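J.: the following comprises the amino acid sequence and a computationally predicted model.
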Amino acid sequence: MTTNRRNFLKNATLAGAGAMASGLISGCAPKQPESNLAVILESVKKAHTQKFNMSGYAAPAIPIVRVGVIGLGDRGSGAVQRLSYIDGVEITALCDLRKVAVDGSQKYLTSVGKPAAREFYGDDFAWKKLIELPDLDLIYIVTPWIWHTKMAVSAMENGKHTCCEVPIARTIDEAWQLVETSEKTKKHCMMLENCCYDFFELLTLNMARQGMFGDIIHGEGAYIHNLLEMNFRKPQDDKQTDNAYTNLWRLRENATRNGNVYPTHGLGPVCQALKINRGDKMDLLSSVSTADFSMAPKEKELLSTDPMYAEFKDSHFRGNINTSIIKTALGKTIMVQHDTSSTQPYSRIHLVKGTKGMVCKYPIEHIALGEEWADEAKMKELYEKYTPEIIKRVGELAKKVGGHGGMDFIMDWRTIDCLRNGLPLDQNVYDGALWSSIAPLSEWSVANKSQSIEVPDFTGGSWKTNKPHEINLESGGTTKVLDIKEPEAEMQMNVK
């Protein structure tokens with residue numbers, strides 16, 4: 001990949017379509033609901049008879065996957081770029097509230113020799129017209145969290161598979177909606193948990209499946225990432241194209257909820273190693289939050305000079321650090337933390353501990369087999385022996401294409417390859433529903449003096465017989481990575 005190509009992709013990602021983290025449809029509508037803690041217990045105890053088991057389900061193969069992307073902010077425009085490198089993908093439709101965001105991704109497609117996509121923009125529900133198109137196979141959702149379930153359910157009801165950014169649900173009721181719709185329609189509903197495809201996490205999973213850690217008994221994950229300034233950053237122009245969360249949508253999440261509101265990045269890889277939903281299940285959760293020591297002071301500081309922040313006056317911002325402990329049906333434990341508003345180096349912890357060994361990723365990658373941490377030579381030997389085939393196949397290409405160091409591209413390539421070869425997806429609707437449900441469950445526990453709460457079994461009991469997840473390329477891995485021509489050197493995206 002040339003320097004011009006890398007610079008173009010970087011500029012397009014940062015400037016071409018808007019805000020960081022999730023892509024944008026709107027931060028205003030539908031209205032942000034308060035967490036309804038009173039109904040969580042009812043939702044947890046919901047009786048569910050599985051209509052069809054989506055775990056291990058292989059939908060009919062789709063040789064050419066026609067994709068519609070909803071939400072073209074930083075994450076969404078990046079997805080358009082990554083998907084354009086994958087053979088057998090046609091990006092057929094683009095949607096965002098803002099025309100300027102659609103224009104940015106459209107310009108990218110034409111610059112690399114791809115056909116123009118159909119465009120949908122201009123109002124909060126333009127996405128419905130995209131989903132209703134008859135010639136789409138996959139809806140790729142990259143919008144503010146409040147839209148995720150609504151869009152994913154609509155996509156499945158309209159006969160499309162769906163991939164959706166994290167978290168895929170904000171409430172237990174939404175999680176059940178996804179499960180019931182996926183089972184009814186037999187359409188894949190995958191949450192795009194990219195951290196499951198990071199290089200060390202894939203190495204960990206491969207080692208775990210080969211029994212290197214013995215019986216895995218404990219895992220830890222986290223999302224520790226200081227987003228205080230970004231959460232409060234407002235767009236600097238009426239097009240809302242700069243590095244901000246449109247209409248401060250993510251700040252509203254933090255101002256109306258108290259718990260682990262973003263659990264899945266650290267949780268997903270640990271759950272896969274522990275065979276959650278595939279041999280074990282989460283049983284009980286207890287959660288505690290610190291007080292808020294930074295968000296309310298920040299709001300007061302900004303409000304003193306900018307009346308725009310009056311909406312957040314006297315908000316009950318979530319505590320800085322949330323720690324949740326989960327016990328599984330087989331007596332194993334998981335600890336998951338969340339902290340996006342205090343000063344600390346980035347970490348997802350990623351600790352997996354077994355009876356014969358363990359791994360920990362942050363602050364540096366460590367592996368222990370027995371009582372001692374592996375030295376540099378032993379680590380090199382373990383990497384060479386246990387690096388999984390998917391990393392060997394597309395790892396270096398993924399680093400060139402990019403997306404959080406390459407894990408985003410590995411995720412997209414693997415998902416498309418599974419759809420094209422008629423293989424089960426790595427993450428099914430039960431995984432997305434469960435991992436996302438930790439947020440409302442933690443809210444309930446925090447509000448009830450850290451009482452434990454039962455974790456719903458979204459599999460309807462099939463966790464006892466579902467086969468453990470592993471990435472196996474023996475019946476797939478056929479999808480090529482394309483060599484896309486360079487865009488014109490002088491070409492610039494049309495927004496800043």
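T.: Everything's here; your move.
J.: please count neighbours and contacts with C-alpha atoms only from this point.
T.: Fine.
J.: can you tell me the SS state at residue 68?
T.: Under DSSP: H, G, I helix; E, B strand; the rest coil, residue 68 falls in the strand class.
J.: which residues make contact with stretch 415-424 from outside it?
T.: 55-65, 86, 88-89, 425-426, 475-479 (Cα atoms under 8 Å, 6 or more residues apart in numbering).
J.: tell me which strands and helices the helix ranked longest in the chain is in contact with?
T.: When the chain is scanned for its longest helix (criterion: DSSP state H), the result is helix 429-447. Applying 3 or more Cα pairs under 8 Å, 6 or more residues apart in numbering; DSSP states H and E, one finds that helix 429-447 contacts helix 40-44, helix 172-185, strand 189-191, helix 264-273, strand 282-289, strand 453-454.
J.: give me the distance from the last one to the chain's centre.
T.: Mean C-alpha position of strand 453-454 versus that of the full chain (Cα atoms, centre = their mean, to the nearest Å) differs by 24 Å.
J.: okay, buried residues for stretch 132-152 please.
T.: Neighbour-count burial for stretch 132-152, counted by 16 or more other Cα atoms under 10 Å, picks out 136-149, 151-152.
J.: which ones among the residues you listed map onto strands?
T.: 138, 139, 140, 141 (DSSP state E).
J.: which single one of those is nearest to residue 121?
T.: Residue 121 has its nearest neighbour among these in residue 141, at 14.6 Å by Cα to Cα.
J.: OK, contacts around the closest one?
T.: Residue 141 sits next to 69, 70, 71, 76, 148, 151, 152, 162, 163, 164, 165 when contact means Cα under 8 Å, 6+ apart.
J.: output stretch 440-450 as PDB, nothing but the C-alphas.
T.: Output in PDB follows, covering the C-alpha atoms of stretch 440-450 (Å, rounded to 0.1, in the frame of the first residue of the first chain):
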ATOM      1  CA  PRO A 440     -29.200  -2.900  31.600                       C
ATOM      2  CA  LEU A 441     -28.500  -5.700  34.100                       C
ATOM      3  CA  SER A 442     -25.600  -3.700  35.600                       C
ATOM      4  CA  GLU A 443     -27.900  -0.600  35.800                       C
ATOM      5  CA  TRP A 444     -30.400  -2.600  37.800                       C
ATOM      6  CA  SER A 445     -27.800  -4.000  40.100                       C
ATOM      7  CA  VAL A 446     -26.200  -0.600  40.700                       C
ATOM      8  CA  ALA A 447     -29.600   0.900  41.500                       C
ATOM      9  CA  ASN A 448     -30.400  -1.900  43.900                       C
ATOM     10  CA  LYS A 449     -27.300  -1.700  46.100                       C
ATOM     11  CA  SER A 450     -25.400  -4.200  44.000                       C
END
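J.: and that stretch, what's its mean pLDDT?
T.: Average pLDDT, stretch 440-450: 96.
J.: residue ranges for the strands of the protein, please.
T.: Per DSSP E, the chain carries strands over the ranges 65-70, 89-95, 118-120, 138-141, 161-164, 189-191, 216-224, 282-289, 322-328, 333-339, 351-354, 357-360, 366-369, 453-454.
J.: quick one: contacts of the shortest one?
T.: Identification of contacts with strand 453-454 by Cα under 8 Å, 6+ apart yields 44, 283, 284, 285, 286, 441, 444, 445.
J.: what's the farthest-apart pair in these?
T.: Farthest pair in the contacts of strand 453-454 (Cα to Cα) is 283 and 444. Separation: 15.4 Å.
J.: who has more neighbours, the two?
T.: Higher neighbour count among residue 283 and residue 444: residue 444, with 28 against 19, using other Cα atoms under 10 Å.
J.: what's the neighbour count on the nearest residue to that one once chain neighbours are set aside?
T.: In space, and not counting its chain neighbours, residue 444 is closest to residue 37: 5.8 Å by Cα to Cα, 6 or more residues apart in numbering. With neighbours defined by other Cα under 10 Å, the count for residue 37 comes to 16.
J.: low-confidence ranges, the chain, go.
T.: Where the chain drops to pLDDT under 70, the residues are 1-36, 236-244, 484-496.
J.: go again with 90.
T.: Along the chain, the parts satisfying pLDDT under 90 run over 1-48, 74, 234-247, 402, 469-470, 472-475, 483-496.
J.: residues in contact with residue 160?
T.: By Cα under 8 Å, 6+ apart, the contact list for residue 160 reads 131, 136, 137, 138, 139, 187.
J.: same check, this time on residue 369
T.: With Cα under 8 Å, 6+ apart, residue 369 has these contacts: 212, 213, 356, 357, 358.
J.: change it to 10 Å
T.: Going by Cα atoms under 10 Å, 6 or more residues apart in numbering, residue 369 touches 212, 213, 214, 354, 355, 356, 357, 358, 359.
J.: need these in CSV with distance to residue 179 and neighbour count, can you?
T.: Shown next, in CSV, are the contacts of residue 369 (distance: Cα to Cα, whole Å; neighbours: other Cα atoms under 10 Å):
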residue, distance to residue 179, neighbour count
212, 33, 20
213, 32, 23
214, 32, 17
354, 31, 20
355, 34, 14
356, 36, 15
357, 35, 21
358, 33, 24
359, 32, 23
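J.: nothing else from me, thank you.
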